[in-house]
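Engineer: here is a sequence together with a model predicted from it:
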Amino acid sequence: MHYFQYRGDELYCEDVPVRTIAEDVGTPCYVYSCATLCRHFTVFDEAFKQVPHLTCYSVKANSNVAILKLFGSMGAGVDIVSGGELYRARLAGIPPERIVYSGVGKTVGEIDYALAEDILMFNIESIQELETIDRRASEAGKKARIALRVNPDIDPKTHPYISTGMKKSKFGISMDNAIKTYEKAKNLQNIEITGIDCHIGSQLTELTPFVDALKRLRVIISRLADMGIEIRYLDLGGGLGIPYDQESPPHPHDYAEAVIRELDDLPCTLIFEPGRVIVGNAGILATRVLYIKHGPSKDFVITDAAMNDLVRPSLYGSYHYIQPVAKKARETKVVDVVGPICESGDFLARDRGLPMPARNEYLAVMSAGAYGFSMSSNYNSRPRAAEVLVQGDRYFVIRRRETHEDLVKLETIPEFLQGAGPACG
Ligand code: LLP
């Protein structure tokens, strides 16, 4: 069952025509299907039902509080990478014992916040971070539960910007240093070793890199056991890919089967940090065609959504399928779909065969639920888009469109600039 589909010639999200939302809420606008979000979470989580596990949805993929609340209600934990994400998670009612905290640059303020909330564990990415967390925990009179994020030096065979588990990457602690870092952690008064962690990259379309990473972690786990260090949580990160175009990533069931097989009888609770696989295909970006421009060598479809709304095509050359919200017979042309931003890199699609839309028509940029709104910005002083959650035949604005006032509300004009005359000289 697909929840974004045409009924007749109209694209629907569940039982609501996308056009209705676009007209009522305006564009650009993110539209998420609640049924798809629930289904994706359930499929992933249930794939591991035969082993003790915790599915910690990766907040960065889509951080809207309503969506966090939805997953929380289904028993999800979360993977966070900042104090801001911790704030969102707690606001959405995610219990602290279901929160894991990754990231190479946790600040003292963020560490203190996470200690005060008593989260499940910190995924440590460097010795200095480990020492800092020990000191802050001592200050707070607490013990910090930690896992080391090990960098298993595995090529995930994905885009270089989203590969994280190779030697040259900034993430994690190398295989060579892992044991001695654990040894150090063991001797720190305010550290409680609870787990081991890795995250090798995102949008993986093969199982082998996951299995290879797990094999390497298992080697470390058994060496730690010899040292009397017990690993209770084995966090395998996120990274499972989704079909954007022609990819055929493994189904969560196959992923689970491969992991569970490799796990053997290891007495650990598994943690997963899936982001994209849960939300990616549960959302679209609805946009309106502003103009069609026939250039000397190319035709351009100029939309009201731009790289500030969805940066993935500009940043990674990512493919997002684009289709009309109202289907009708028309000629297909090869065009660039571009936004209004003053950058040549501002495009949603390049050299794309598209059924030619007319001015003011709505288009749906598909598979935009992950790293869409969460990576959006105000560049060119463009208010960020609205976000809408559809549930059956109802829809809810879960983030209103920003206004011009929102754009400047944090800015102040210092007194010396407030007079009428020239401020310089
Ligand atoms: N855990 C950690 C520690 C991560 O760094 C990430 C993603 C995840 C989990 C979730 O990975 P996922 O299941 O979504 O693949 N902006 C890029 C993706 C960056 C991923 C960053 N880390 C994109 O738009 O493709």
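Structural biologist: The structure has been received and is ready for your questions.

Engineer: which residues of the chain lie near the ligand?
Structural biologist: Within reach of the ligand by CB under 6 Å from any ligand atom, the chain has these residues: 58, 60-61, 79, 102, 162, 199, 202-203, 237-240, 273-277, 312, 316, 370-371, 375. For every residue, glycine as well, the C-beta is placed using N, CA and C.

Engineer: buried subset of the residues you listed as a PyMOL selection?
Structural biologist: Remark: buried members of the residues of the chain next to the ligand, expressed as a PyMOL selection using 16 or more other CB atoms under 10 Å:
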select buried, resi 58+60+61+79+102+162+199+202+203+237+238+239+240+273+274+275+276+277+312+370+371+375
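
Engineer: among the residues of the chain next to the ligand, which are located in helices?
Structural biologist: Counted as lying in helices by DSSP state H, out of the residues of the chain next to the ligand, are 276-277, 312, 316.

Engineer: excluding chain neighbours, what is closest to residue 6?
Structural biologist: residue 327 (5.8 Å; CB to CB, 6 or more residues apart in numbering).

Engineer: give me the distance between the one you found and the ligand.
Structural biologist: 28 Å (CB to the nearest ligand atom, to the nearest Å).

Engineer: hmm, that residue is touching residue 5, no?
Structural biologist: No - counting by CB atoms under 8 Å, residue 327 sits too far from residue 5 to count as a contact (11.0 Å).

Engineer: what touches both of those two?
Structural biologist: residue 11 (CB atoms under 8 Å, 6 or more residues apart in numbering).

Engineer: next, count neighbours for the residue nearest to residue 6.
Structural biologist: 13 (other CB atoms under 10 Å).

Engineer: identify the farthest-apart pair in the ones in helices among the residues of the chain next to the ligand.
Structural biologist: Pairwise distances across these peak at 17.2 Å for 277 and 316 (criterion: CB to CB).

Engineer: hang on, the earlier thing: specify which member of the ones in helices among the residues of the chain next to the ligand is nearest to the ligand.
Structural biologist: Nearest to the ligand, judged by CB to the nearest ligand atom, of those is residue 276 at 3.5 Å.

Engineer: tell me the pLDDT at the closest residue to that closest one other than its chain neighbours?
Structural biologist: Closest residue to residue 276 apart from its sequence neighbours, by CB to CB, 6+ apart: residue 370 at 4.1 Å. pLDDT, residue 370: 98.

Engineer: return the backbone torsion pair for residue 386.
Structural biologist: phi -80, psi 160 (degrees, to the nearest 10).

Engineer: show me what contacts it?
Structural biologist: Going by CB under 8 Å, 6+ apart, residue 386 touches 25-26, 29-30, 397, 399-401.

Engineer: count the neighbours of the residue lying closest to it once chain neighbours are set aside for me.
Structural biologist: Of all residues not flanking residue 386 in the chain, residue 401 sits nearest, at 4.1 Å (CB to CB, 6+ apart). Using other CB under 10 Å, residue 401 is surrounded by 16 other residues.

Engineer: residue numbering should commence at 690 henceforth.
Structural biologist: Sure, I'll start counting at 690 from here, so that last one is residue 1090.

Engineer: secondary structure class for residue 1090?
Structural biologist: Following DSSP: H, G, I helix; E, B strand; the rest coil, residue 1090 is assigned to coil.

Engineer: for it, what are its contacts?
Structural biologist: Contacts of residue 1090 (CB under 8 Å, 6+ apart): 714-715, 718, 1072-1075.

Engineer: repeat that for residue 901.
Structural biologist: With CB under 8 Å, 6+ apart, residue 901 has these contacts: 841, 843.

Engineer: could you point out the helix or strand that follows the helix or strand where it lies?
Structural biologist: Using DSSP states H and E, the element containing residue 901 is helix 897-915. Once helix 897-915 ends, the next helix or strand along the chain (criterion: DSSP H and E) is strand 922-924.

Engineer: TSV for the contacts of residue 1090, including secondary structure?
Structural biologist: Listed next are the contacts of residue 1090 as TSV, based on three-state DSSP:
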residue	secondary structure
714	helix
715	coil
718	strand
1072	coil
1073	coil
1074	coil
1075	strand
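
Engineer: show me which of the residues you listed are buried.
Structural biologist: Buried among these (16+ other CB under 10 Å): 714, 718, 1072-1075.

Engineer: what number of residues lie near residue 1009?
Structural biologist: Neighbours of residue 1009 (other CB under 10 Å): 21.

Engineer: check for me that it belongs to a strand.
Structural biologist: No - under three-state DSSP, residue 1009 sits outside any strand and is assigned coil.

Engineer: now do the contacts for the residue in the stretch 940-1089 of the chain positioned nearest to the ligand.
Structural biologist: Here the stretch 940-1089 of the chain gets closest to the ligand at one residue, residue 964, 2.7 Å apart by CB to the nearest ligand atom. Contacts for residue 964 (CB under 8 Å, 6+ apart) come out as 746-751, 768, 891, 927, 1059-1060.

Engineer: now residue 710
Structural biologist: With CB under 8 Å, 6+ apart, residue 710 has these contacts: 702, 718, 720, 975, 1077, 1079, 1084.

Engineer: pLDDT at it, what is it?
Structural biologist: pLDDT, residue 710: 98.

Engineer: that'll do, ta.
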